[in-house]
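Colleague: sharing a model prediction with you, sequence too.
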Amino acid sequence: MVRLSPLPRQRSVLTGNYLPVPRPPAQESVVLCPACRGKMQRTDEQCPHCHAERHFGPTRTETVTSTVIGLVATPALSLLIVRPSGWTVAFAVAGLLAGFFVAHSRHTGDRWLRNPR
C-alpha cells in the first residue's frame, strides 16, 4: 500500500515542539579514488582497486633526501664565504635541521601514494 500523505511529525513530550525528522544516510559515503578513479568508501585508507594508500606527511625517502641535501649544500655554500672552521660544522647542523623541516613542511597533509605491488 502506498502512502500519499507525508509521515506525521512527532512532538516532544516535554516541550511540545516538533522533533527533527530523521533523514536517510547521505550518498556521499562513496567517493572516487584520486589515483585510479575507482569507487571506494570515504573512510577507506587503501583503495580496493589499485591499492593506493593514504599517506600523511613525508615518506622516509623524502625526509632522508631533503636532510642530506641540507647537510651537504649549506656547508658547501658556507665554504664559498668562510674558510673551513668550526663555523662549517655549525652550518652543517643548521643545514641538516633545515632540510628536515623543509621535508616536513613541503609534504604536509594527506596524499594518495600508489603501492608498488
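Modeller: Happy to help now that I have it. Keep in mind it's a predicted model, so treat the numbers as computed, not measured.
Colleague: so which strand or helix has Thr88?
Modeller: For Thr88, the host element (DSSP states H and E) is helix 86-106.
Colleague: just the buried positions in stretch 58-71, please.
Modeller: By neighbour count on 16 or more other CB atoms under 10 Å, the buried set for stretch 58-71 is 58, 63, 66-67, 69-71. Any C-beta I mention is one placed from the backbone N, CA and C, and that applies to glycine too.
Colleague: now secondary structure and distance to Arg9 too, for those, in TSV please.
Modeller: Formatted as TSV, the buried residues of stretch 58-71 follow (DSSP: H, G, I helix; E, B strand; the rest coil; distance: CB to CB, whole Å):
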residue	secondary structure	distance to Arg9
Pro58	coil	53
Thr63	helix	57
Ser66	helix	60
Thr67	helix	62
Ile69	helix	65
Gly70	helix	64
Leu71	helix	68
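Colleague: contacts for stretch 54-64, please.
Modeller: Contacts to stretch 54-64, defined as CB atoms under 8 Å, 6 or more residues apart in numbering, come from residues 44-46, 66, 100, 103-104, 106-113.
Colleague: farthest-separated two in the residues you listed?
Modeller: Greatest spatial distance in these: Asp44 and Phe100, 30.7 Å, computed using CB to CB.
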